[in-house]
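Novice: No letters, just coordinates:
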Ligand code: AMP
């Protein structure tokens, strides 16, 4: 073979190896579970970054639809406002159709679905029918009382949304200036609580669904426990420690 032919051959082989490796790296189907207040959204973003797969968040899809006034949004709004699940007849086809979109061909990270046993069974069947595997099921484990305190103690800094303050978490407790709480990062005195973070009844309802091991979200996680090893991560420490523990388990 001519020398150029060798080079061409080598280049083709390298390209094929690279594509195989890339597929191995990105072809990841992942579920992430965690109660409201566990930092699941933040940790989901870390996992998304590691694998470069689309981060599909059921709650975000609903909120975008509500904001845009779509038919789906109008149907979902009342349930969401009451802290109830949107009916499976709406949610299940919405998510299964989303997983069939082109950007999910090389993997996906599903966050906020399944939320009950019926959704887990529907997803399990859809994956089986499509011949698709699940690579990881992640569970951020957090005590119910701690999760509730985290939500109710959250304070938003008016200067920057990314300045974490929580009156119940020592590590990120607001600072004090002249007897008034101020942002621990920038010192501004405009700290507010999100109205939905203070709705104790809605929080209890959401947690009631999450921690229900018979038909709720933990039942959905357990449904997959028999099929895939669940990676459990303790959600009690700070965001960075949880991310590190999670990434170490995914490595
Ligand atoms: P989240 O942002 O994940 O807390 O979701 C906000 C709200 O959207 C929930 O309280 C539910 O009302 C609704 N929702 C999110 N995911 C689901 C799901 N898998 N099934 C039904 N409703 C859901």
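Specialist: Noted; the coordinates are in hand. Note that the coordinates shown come from a computational prediction; the quantities given were computed from them, not determined experimentally.
Novice: how close does the residue nearest to the spatial centre of the chain get to residue 208?
Specialist: Most central in the chain under Cα atoms, centre = their mean is residue 111, positioned 3.7 Å from the mean C-alpha point. With distances taken as Cβ to Cβ, to the nearest Å, residue 111 is found 20 Å from residue 208. C-beta: built from backbone N, CA, C; applies to glycine.
Novice: Show me where this protein has its strands.
Specialist: With DSSP state E, the ranges of strands along the chain come out as 28-33, 55-57, 107-111, 136-141, 154-157, 165-166, 175-177, 180-182, 191-192, 230-234.
Novice: among those strands, which is nearest residue 92?
Specialist: Closest to residue 92 of the strands of the chain is strand 107-111 (Cβ to Cβ; 12.3 Å).
Novice: ok, back up a step: please convert the strands of the chain to a markdown table, extending it with distance to residue 202 and mean pLDDT.
Specialist: Formatted as a markdown table, the strands of the chain follow (distance: least, Cβ to Cβ, whole Å; pLDDT from 0 to 100):
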| stretch | distance to residue 202 | mean pLDDT |
| --- | --- | --- |
| strand 28-33 | 20 | 96 |
| strand 55-57 | 18 | 94 |
| strand 107-111 | 20 | 95 |
| strand 136-141 | 21 | 97 |
| strand 154-157 | 14 | 92 |
| strand 165-166 | 19 | 92 |
| strand 175-177 | 30 | 95 |
| strand 180-182 | 24 | 94 |
| strand 191-192 | 18 | 94 |
| strand 230-234 | 26 | 96 |
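Novice: Take those strands and lay them out in JSON lines including distance to the ligand.
Specialist: What follows is the strands of the chain, written out as JSON lines (distance: least, Cβ to the nearest ligand atom, whole Å):
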{"stretch": "strand 28-33", "distance to the ligand": "11"}
{"stretch": "strand 55-57", "distance to the ligand": "6"}
{"stretch": "strand 107-111", "distance to the ligand": "7"}
{"stretch": "strand 136-141", "distance to the ligand": "13"}
{"stretch": "strand 154-157", "distance to the ligand": "14"}
{"stretch": "strand 165-166", "distance to the ligand": "18"}
{"stretch": "strand 175-177", "distance to the ligand": "29"}
{"stretch": "strand 180-182", "distance to the ligand": "26"}
{"stretch": "strand 191-192", "distance to the ligand": "20"}
{"stretch": "strand 230-234", "distance to the ligand": "18"}
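Novice: Brilliant, that's me finished.
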